[in-house]
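>>> coords please:
(one chain, ligands or ions: 3)
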Amino acid sequence: MSHAKSHPHHVAIIMDGNGRWAQMRGRPRLFGHTAGARRVKDIVRACPDLGVKYLTIFAFSTENWKRTQTEVAGLMRLFKRYIRREAKALFEENVRVRFIGDRVRLEPSLVELMDGLELMTAGNTGTNLTIALNYGGRDEVTRAARRLAHDVAMGKLDPRAITDDTFPRYLDTYVLPDPDLVIRTSGEARISNFLLWQSAYAEYEFIDTLWPDFTEAEFAKVIGRFGQRERRFGAVTA
Ligand code: IPE
Ligand code: IPE
Ligand code: MG
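Numbering: from 1, shown residues only. Ligands and ions are numbered 1, 2, ... in the order given. The predicted model follows:
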């Protein structure tokens, strides 16, 4: 059986290496983040041709608050600017945008822009772009457990009826399929708290390119390699 034609339906990307990219140029880390934000556009645009229906990108983790106040504030400004500048183009390109992560700790002015973009693109039927912002896999599972426990306490859910189909309905990603392929740029081979539950059977690609240097051509190459993989899901191939 040939797997050459299969392509990932849902690709998730850990966009890493912006800081090092800037450092190599003797520039502040935010310069790298700005360059990184520009790459997102091309990667989103490449999805329809590659057969990628869902793209999820890791923009800011629950651990990234540990960075300097300058970097965190710069990133928050960048997210706001990105939404303001790209909203129209995303809408016109039929992209449906969603955000995952805990919004409670984000500035109200940013949350307002996020809600607005979700609402504006809610009717779009093209690429499903999900942006993980203040996202952490453990935090997401914890928040899900809290809501599930609440439903049990309210008598809305019978604990004996909880299966591994029930639980994901409480995750931020409840409307998304699981990722088939997770890509991390910058050479680090770790998942840094990204989509812990959802990636149970994802294929991983760790590539050396720093995120601001990641091109559509390389994206297409990585997608092509996915087609050569044999996914067994615990079974034995005949
Ligand atoms: C990824 O790039 C972007 C964010 C985490 C916001 P980094 O900022 O982690 O870049 P490096 O890993 O320091 O090079
Ligand atoms: C993961 O990258 C988070 C994002 C890409 C947004 P980090 O650079 O924060 O992860 P670590 O610190 O190298 O694990
Ligand atoms: Mg990093």
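
>>> longest single helix anywhere in the protein?
Longest among the helix segments of the chain by residue count, using DSSP state H, is helix 69-92.

>>> how about the residue of the chain found nearest ligand 1, what does it touch?
Sorted by distance to ligand 1 under C-beta to the nearest ligand atom, the residues of the chain start with residue 19, at 2.7 Å. To be clear about C-beta, it is placed using only N, CA and C from the backbone, and glycine gets the same treatment. In this structure, residue 19 makes contact with 29, 32-33, judged by C-beta atoms under 8 Å, 6 or more residues apart in numbering.

>>> if we can go back for a sec, so what secondary structure elements neighbour the longest helix of the chain?
Counting contacts by 3 or more C-beta pairs under 8 Å, 6 or more residues apart in numbering; DSSP states H and E, helix 69-92 packs against helix 29-50, strand 54-61, helix 108-120.

>>> So what's the residue count around residue 207?
Using other C-beta atoms under 10 Å, the number of residues around residue 207 comes to 16.

>>> For this structure, what lies in contact range of ligand 1?
Along the chain, the residues adjacent to ligand 1 under the rule C-beta under 6 Å from any ligand atom are 15-20, 60, 64, 75, 186.

>>> Filter those residues down to the ones in strands?
Counting by DSSP state E, the members of these that fall within strands are residue 60.

>>> Now list the buried members of the residues of the chain next to ligand 1.
For the residues of the chain next to ligand 1, burial is judged from neighbour counts taken by 16 or more other C-beta atoms under 10 Å, and it is met by 15-20, 60, 64, 75, 186.
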